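Student: The following comprises the amino acid sequence and a computationally predicted model.
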Amino acid sequence: MSLSIMQKILLYIAVALILVWCVFPLYWAFISSIKPDQDLFEKNPSLFPKRVTFENYVKVFKERPFHINIKNSIIVAGITTLLALVVGSLAGYAIARLKFKGKVIVMSLILAVSMFPQVSILGSLFLILRSLKLINTYTGLIIPYTAMNLPLTVWVLQSFFRELPKEVEESAFIDGASKLRTLWSIVLPMSAPGLVATGLLTFIAAWNEFLFALTFMQKPSLYTVPVAVALFKGASQYEIPWGQLMAAAVIVTLPLVILVLVFQNRIIAGLSAGAVKG
Amino acid sequence: MERRSGWTAFWMILPTILIISVVAFFPLFKTFYDSFYSFGLRPGIVRKFVGLQNYFRLFQDTRFLMALKNTVFFTVVSVALETVLGVLIALVVHQKFALRGAVRAAMLVPWAIPTAISSQMWRWMFHDQYGIMSRLWEKLGIVEPGTPILGTPGLAMWAIIFVDVWKTTPFMALLILAGLQVIPEDIYEAARIDGANTIQRFFRITLPLITPTIGVALIFRTLDALRVFDVVYIMTRGAVNTETLAVYNRHVLMDRAFTGAWFGYGSAISVFIFVLISIFAIIYIKSLRLKLD
């Protein structure tokens, strides 16, 4: 059935509204970041920049340790992703393919963790990490992040593993390969798209996490990107350098947005397969 | 063969179980245990067993009750808005139009931006003097000119809800879209031949068929909204009647507990949040009817 002209116009208006709604804040952050301060602090801000400057982008690295914050986030989110993929694919494979007692219990336990309100373990986890001398260390953030992401990793990967043709694995097993060997040299290469999707979801979750990072990293030189941006301060306590702040926001958002746009199909597939954690 | 498979499975699952036990189950147990004691994190405070006293205190603590009220208000309003808008947006992007793929991809943008960062973007847009969103609300007559939206009780919570709706609705729409896409086209054909109009087709066919998807998304969003922290903490720090349970809980555990005997009480708040969310988690799992085997 084709739409009438009127319906078509309404449809395109609706689509335009959705698009503006989704993208405008990012556009506005970008515009604000390239305006000189005089133009930024105007009573009626203009939708397009009259003058363009990249001063804020230079300052964000020169006047504060933002590159160190980025490094912290890359290390923490990167190692979390690798760990979660390794540990999660082992468990995911066992759940998808092996028979064992108590499978339902194991799955329930893993799933339960994905629904934990993080704040309800915040205090205890802080004390545990403190007694292990892991406050203000990468490890102190990577271990909790891995645990909070494992439910999603295991869940999504096991659903990908289930969809692989069983015959190849069976013939490998008959040829004498162990389960672990089969997983490593046959299952994992075949499920590369699933690994990419899962890895991306984990990386984004770890990159975006705020509450644990705010609590377990208490030195500015160890802040991750979200914490550094949330606690952005100017020269005086009352004045926030909004131009710089928006530059920082754009710097860390653009790579994520590009990643998401490139891998959108896989991300949506992974999330609907998992639908465990947003 | 069966037996060997069992042991292989055991070793493959062990690392996962170990990590989540150490990071999630043990701390949870400890929080529960600590909630029966009175103690703080400052040296010199004597640890005392107080039984259920911390829990009784909750209901005399006006700040806690206010946080509970704010959390429920935030959850009900934002989840309701996100669900209705999510269905509408899903219906729109389900149609055929030019650049449909690009628009669907753009809908992931709000979801991908870290909440801490988008909250700062919105804080700038809600700036009382230079914020473009403040200007817009003034022009639309929602607020009097010159009103500091993020500094006004009542308004600030609506601004926070607005940001949450912005961040989550497109994503919810994509999940609902996935539900729409599996409805076979012939059902609509048949309904059309029987003379059903667009609105009838929506209420008689589409809505019943996507109800399970909406239900899952709704409960899932509720779980998330009940523990809301980042956006509130960054936009208002919990001032002007926007404090939620998670924000108050962190304040008690990480600020007050270093000056007095507050840690046990903070643990009781944590347990309260856990129980509250567990109720919805159980509904979620039941409604998913998960294939666990």
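Tutor: Done, it's in. Numbers count the residues shown, from 1 in each chain, chains lettered A, B, ... in the order given.
Student: Centre of the chain to the strand or helix carrying A:Pro144, how far?
Tutor: Under the criterion of DSSP states H and E, A:Pro144 resides in helix A:139-163. Put simply, helix A:139-163 sits 12 Å off its chain's centre (Cα atoms, centre = their mean, to the nearest Å).
Student: Counting neighbours, which bits of whichever helix or strand comes after that helix end up buried?
Tutor: Under the assignment DSSP H and E, the closest C-terminal helix or strand after helix A:139-163 is helix A:166-174. Burial within helix A:166-174, assessed by neighbour count using 16 or more other Cβ atoms under 10 Å in any protein chain shown, is assigned to A:Glu169, A:Ala172. (Each C-beta comes from the backbone N, C-alpha and C, glycine too.)
Student: Now the element after helix A:166-174, going C-ward?
Tutor: In the C-terminal direction, the helix or strand that comes right after helix A:166-174 (DSSP H and E) is helix A:179-182.
Student: got a list of what residue 138 touches?
Tutor: If you meant another chain, say so; for now it's chain A. A:Tyr138 makes contact with A:Asn72, A:Ile75, A:Val76, A:Ile79, according to Cβ atoms under 8 Å, 6 or more residues apart in numbering or on different chains.
Student: To clarify, I was referring to chain B.
Tutor: Applying Cβ under 8 Å, 6+ apart, one finds that B:Glu138 lies in contact with B:Glu144, B:Pro145, B:Gly146, B:Thr147.
Student: Can you give me the separation between the third one and B:Phe258?
Tutor: Going from B:Gly146 to B:Phe258 by Cβ to Cβ, to the nearest Å gives 39 Å.
Student: helix or strand for the spatially most central residue of chain A, which one?
Tutor: With distances taken as Cα atoms, centre = their mean, A:Ile204 lies nearest the centre of chain A, 1.1 Å away. Of the helices and strands defined by DSSP H and E, A:Ile204 is found in helix A:192-208.
Student: separation between B:Gln53 and B:Leu28?
Tutor: With the distance defined as Cβ to Cβ, B:Gln53 ends up 21 Å from B:Leu28.
Student: Repeat that for A:Gly270.
Tutor: For A:Gly270, the distance to B:Leu28 (Cβ to Cβ) stands at 27 Å.
Student: neighbour-wise, which of the two wins?
Tutor: Counting neighbours by other Cβ atoms under 10 Å in any protein chain shown for A:Gly270 and for B:Leu28 shows that A:Gly270 has the greater number, 26 against 20.
Student: can you give me the strands for chain B?
Tutor: The residue ranges that make up the strands of chain B, judged by DSSP state E, are B:37-38, B:48-49.
Student: Residues contacting the last one, please?
Tutor: The one in question is strand B:48-49. Under the contact criterion Cβ under 8 Å, 6+ apart, strand B:48-49 has outside partners B:Phe36, B:Tyr37, B:Ser38, B:Phe39.
Student: Which neighbours in the sheet does it have, and how are they oriented?
Tutor: Here strand B:48-49 has these sheet partners by DSSP bridges: strand B:37-38 (antiparallel).
Student: Need the mean per-residue confidence for the partner strand.
Tutor: For strand B:37-38, the per-residue pLDDT values average out at 94.
Student: chain center to that strand, what's the gap?
Tutor: The chain centroid and the centroid of strand B:37-38 are separated by 30 Å under Cα atoms, centre = their mean.
Student: related to what we said a few turns ago, tell me which of B:Gly146 and B:Phe258 has more neighbours.
Tutor: Set side by side, B:Gly146 and B:Phe258 show more neighbours around B:Phe258, with 12 against 9, by other Cβ under 10 Å.
Student: show me what contacts that one?
Tutor: If you count contacts by Cβ under 8 Å, 6+ apart, then B:Phe258 has B:Gly40, B:Leu41, B:Arg42 around it.
Student: Correct me if wrong: the first one contacts B:Tyr265.
Tutor: In other words, B:Gly40. No. B:Gly40 lies out of contact with B:Tyr265 (Cβ atoms under 8 Å); the separation is 9.4 Å.
Student: Neighbour count: those two, which is higher?
Tutor: Using other Cβ under 10 Å, the more surrounded residue of B:Gly40 and B:Tyr265 is B:Tyr265, with 28 against 20.
Student: ok, the residue nearest to that one when sequence neighbours are not counted to chain A distance?
Tutor: Once its chain neighbours are removed from consideration, B:Tyr265 has its nearest residue in B:Asn54; the separation is 4.8 Å (Cβ to Cβ, 6 or more residues apart in numbering or on different chains). With distances defined as Cβ to the nearest Cβ, to the nearest Å, the gap from B:Asn54 to chain A amounts to 13 Å.
Student: export the contacts of B:Phe258 to TSV and tack on distance to chain A?
Tutor: Shown next, in TSV, are these (distance: Cβ to the nearest Cβ, whole Å):
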residue	distance to chain A
B:Gly40	11
B:Leu41	8
B:Arg42	13
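Student: need the longest helix for chain A.
Tutor: Assignment by DSSP state H gives helix A:66-97 as the longest helix of chain A.
Student: moving C-terminal of that helix, what's the next helix or strand?
Tutor: Past helix A:66-97, heading to the C-terminal end, the next element that is a helix or strand (DSSP H and E) is helix A:103-114.
Student: That next one - contacts with which helices or strands?
Tutor: helix A:66-97, helix A:139-163, helix B:2-20, helix B:263-288 (3 or more Cβ pairs under 8 Å, 6 or more residues apart in numbering or on different chains; DSSP states H and E).
Student: Deepest-packed of the ones you listed, please.
Tutor: Per-residue neighbour counts averaged over each of these give the maximum for helix A:139-163, namely a mean of 24 (mean count of other Cβ atoms under 10 Å in any protein chain shown).
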